[in-house]
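Engineer: whatever this is, show me its structure:
(2 chains)
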Amino acid sequence: MHMADALLSPVVGGVMWAASAGTLVYCSKKITSAMDELKTPLMGVLGAFIFAAQMINFTIPGTGSSGHLGGGMILAILLGPNAAFLVMASILTVQALFFADGGLLALGCNMFNLGVFPCFIAYPLIYKTILGDSGDYKRITAASILSVITALQLGSLGVVMETSLSGITELPLSSFAFVMQPIHLAIGLIEGIVTAVVIQFIIKVEPDILNNYNLTAPSRHRSRKPLFISLLVVTLFTGGFLSWYASSNPDGLEWSITKVTGQEELHVVKNNRVHSFLSQIQEKIAFLPEYGFKNSGAEETAENRRTGTAISGILGGIITIALVFLAGFFLKKRTHTETS
Amino acid sequence: MAKIDSAFFDINSLEVFARQGTPIHTIDPRAKAVTTFFFIITVVSFDKYEISGLLPFLVYPVLLAVIGNIPSDYLIKKIILVAPFAFFIGILNPFFDRAPMLDLGFMTISGGWISFLSILLRFILTVSAALILIATSGFREVCLALEKLKSPRIFSIQLLFLYRYLFVLINEARRLIRARQLRSFNGRGMGLTVAGSMIGHLLVRTLNRARRIHLAMMCRGFDGEIRILRTLRFTMRDACFILGWILIFLFLRFNNLPRMMGTLFTGHFS
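Structural biologist: Numbering: from 1, shown residues only, chains lettered A, B, ... in the order given. Below is the predicted model:
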């Protein structure tokens, strides 16, 4: 469920980048100040461990398919939220760079969806609360399953929100959520069970690991600052832009609403409203505003003119691709003859 | 698993590509990182129905891949491997957006198909740009660049560590998996409990390894501060690289080159 660059608008991508980068800087500061030297290798090796652990798959009873560990919650349990977020962020960076899983711009979204939600919401609010001070197996199972499910639900909701706010896809928010949430409920259930099994195994084999390696000191009042800071950044950005737009241009909004309510389906209407609203905001704040072609397109409404521009657009497109690849081909030939 | 396995073999080939000496490889990774980022933002800033305007942007990945001597079949394979998410979300566009958008005279194309094509194009552009960044720089250099670009130090150290031990732990996991497969008949022992204790064992081994690494580091005088040898030098050439590409991207962003060419041709022939 990694978010992809292709589905993002610069505004959404930028806001999520700012939020995740802020959290990252905060966590780094927090860890560096509370650092004992063992942590440096430990965090790095644990990051690599998650990659390796994902290779160990198992058959899911009754379905015949197989699953594997996700890892966010295990990291939070082993390392505490701050270090876990940092490790998760590094894993996502490697995935984005090497496997092109997600993208560079989408990295902010992915860090938020897969890092902030498990580390700063699901772990402290659900896992810690359910587990309390006891090391009871049943409680561990319940706490793992519930916290992983919550983290994944929030994460997939994040993907849904980011996608529909970007407005690149036409997918209505409700139906997208209707597909994503149940799938991630199932995934969360399985991942929660694996997490519980692994944690129970560790308790059986080396119980001191869980106590010794939790990088944040086991204090009663755990700081939720990073969460609030990143949420604040997101709210400020979106809220600021939205209100600025709404106050300066109220009739534009009304116009777009009345325009879209004239159309057929209700959920599409809802979606369009969000889209037109956001795209207008984006036009306002994008540092690369639309030039020339949009204007000319709006003026020339006559059918034949549109057909004309469409065809010239397609023809020009084909020529461009041909030129680019021809250039590449000749360059390649030249470098080959040079080297050989 | 086969997929993950082959993906990790691909890391090796990426590193092999990164150890070449082409003009692209010698450019400072910071310059490439900044340019790549600017490229991606410019590409995604287009209107969702844009296709023709995006096409000229192919020039960046194609040129870099060719000069940087990155095999195109490798890039294409990688791009197809990760395409499913963007593809399956994008393919729904034609179903929701049926408003006619393009009239070719003999057939009409709906807005949904156009935006779907646009998503695919964005996907190819952004993914190939990021892959080429690594394939022409190497992971270590990109980490150094990140650190120089003021990302938190501990984060770049974390990345370097993660990357260094990735291969070690993957081989460890591979041995565990092979051992299980050899002892499993009719799918016995492939279930959750065995997998859970395997992961647990892997974790215990990992932690022991972390302890040994820590000891080794202490023996060599580690004091909690990791010093990275900085070998980056930012030259005039790198600045020209950034500036040149940004100017090209801006030009292509505001001028629809294919449409201009197309009008030129249709103007002549009609």
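Engineer: wait, is residue B:51 part of a strand?
Structural biologist: No - using DSSP: H, G, I helix; E, B strand; the rest coil, the assignment for residue B:51 is coil, not a strand.
Engineer: thought residue B:115 was touching it, still the case?
Structural biologist: No - Residue B:51 is not in contact with residue B:115 according to Cβ atoms under 8 Å; the separation is 9.0 Å. From N, CA and C alone the C-beta is placed, and that goes for glycine too.
Engineer: the two: which has the busier surroundings?
Structural biologist: Set side by side, residue B:51 and residue B:115 show more neighbours around residue B:115, with 25 against 19, by other Cβ atoms under 10 Å in any protein chain shown.
Engineer: how about the contacts made by residue B:122?
Structural biologist: A:5-6, A:168, B:43-44, B:46, B:54 (Cβ atoms under 8 Å, 6 or more residues apart in numbering or on different chains).
Engineer: of those residues, closest to residue B:196?
Structural biologist: Residue B:196 has its nearest neighbour among the contacts of residue B:122 in residue A:5, at 35.0 Å by Cβ to Cβ.
Engineer: what's near enough to touch that closest one?
Structural biologist: So residue A:5 contacts A:13, A:102-106, B:40, B:43-44, B:122-123, B:126-127 (Cβ under 8 Å, 6+ apart).
Engineer: quick one: low-confidence ranges for the chain?
Structural biologist: All of this is about chain A. For chain A, the stretches with pLDDT under 70 are A:1, A:34-38, A:61-67, A:209, A:211-314, A:334-340.
Engineer: try chain B instead
Structural biologist: For chain B, the stretches flagged by pLDDT under 70 are B:1-10, B:224-226, B:228-230, B:267-270.
Engineer: ok, which stretches of it are strands?
Structural biologist: B:100-103, B:108-110 (DSSP state E).
Engineer: now render these as CSV, adding mean neighbour count.
Structural biologist: Below are the strands of chain B laid out as CSV (neighbours: other Cβ atoms under 10 Å in any protein chain shown):
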stretch, mean neighbour count
strand B:100-103, 15
strand B:108-110, 15
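Engineer: of these, which is nearest chain A?
Structural biologist: strand B:100-103 (4.8 Å; Cβ to the nearest Cβ).
Engineer: coming back round to it: who wins on neighbours among the contacts of residue B:122?
Structural biologist: residue A:6 (30 neighbours).
Engineer: so is it in a helix, a strand, or just coil?
Structural biologist: Residue A:6 - assigned by three-state DSSP - is helix.
Engineer: and it, what does it touch?
Structural biologist: A:103, A:168, B:44, B:86, B:90, B:119-120, B:122-123, B:126.
Engineer: leaving out chain neighbours, which residue sits closest to the closest residue to chain A within the stretch 101-250 of chain B?
Structural biologist: With Cβ to the nearest Cβ, the shortest gap between the stretch 101-250 of chain B and chain A falls at residue B:161, namely 2.2 Å. Among residues not flanking residue B:161 along the chain, residue A:44 sits closest, at 2.2 Å (Cβ to Cβ, 6 or more residues apart in numbering or on different chains).
Engineer: so the one you found is in which element?
Structural biologist: Assigned by DSSP states H and E, residue A:44 belongs to helix A:39-53.
Engineer: who are the packing partners of that helix?
Structural biologist: When contacts are defined as 3 or more Cβ pairs under 8 Å, 6 or more residues apart in numbering or on different chains; DSSP states H and E, helix A:39-53 sits against helix A:72-79, helix A:81-98, helix B:153-183, helix B:192-219.
Engineer: again, only this time at 10 Å
Structural biologist: helix A:10-33, helix A:72-79, helix A:81-98, helix B:2-18, helix B:153-183, helix B:192-219 (3 or more Cβ pairs under 10 Å, 6 or more residues apart in numbering or on different chains; DSSP states H and E).
Engineer: include mean neighbour count and distance to residue A:196 when you put the ones you listed into CSV, please.
Structural biologist: As requested, the helices and strands packed on helix A:39-53 are exported to CSV (neighbours: other Cβ atoms under 10 Å in any protein chain shown; distance: least, Cβ to Cβ, whole Å):
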stretch, mean neighbour count, distance to residue A:196
helix A:10-33, 21, 26
helix A:72-79, 27, 10
helix A:81-98, 26, 17
helix B:2-18, 15, 23
helix B:153-183, 19, 20
helix B:192-219, 18, 8
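Engineer: let me know the closest of the contacts of residue B:122 to residue A:30.
Structural biologist: residue A:5 (29.5 Å).
Engineer: not counting sequence-adjacent ones, nearest residue to the closest one?
Structural biologist: residue A:103 (3.1 Å).
Engineer: please apply the same query to residue B:154.
Structural biologist: residue A:28 (4.8 Å).
Engineer: and the residue of the stretch 1-150 of chain A closest to chain B?
Structural biologist: residue A:44 (2.2 Å).
Engineer: check contacts around that residue.
Structural biologist: A:87, A:90, B:157-166, B:210, B:213 (Cβ atoms under 10 Å, 6 or more residues apart in numbering or on different chains).
Engineer: columns distance to residue B:199 on top of those, output as CSV?
Structural biologist: Below are the contacts of residue A:44 laid out as CSV (distance: Cβ to Cβ, whole Å):
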residue, distance to residue B:199
A:87, 16
A:90, 20
B:157, 26
B:158, 21
B:159, 23
B:160, 25
B:161, 20
B:162, 18
B:163, 21
B:164, 21
B:165, 16
B:166, 16
B:210, 16
B:213, 20
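Engineer: how close does the residue nearest to residue B:161 sit to residue B:107?
Structural biologist: 56 Å (Cβ to Cβ, to the nearest Å).
Engineer: please apply the same query to residue A:180.
Structural biologist: Shown here: residue A:180 relative to residue B:107, a distance of 34 Å by Cβ to Cβ.
Engineer: try residue A:135
Structural biologist: 67 Å.
Engineer: ok, residue A:117 - contacts?
Structural biologist: Going by Cβ under 10 Å, 6+ apart, the list of residues near residue A:117 reads A:72, A:123, A:150-158, A:227.
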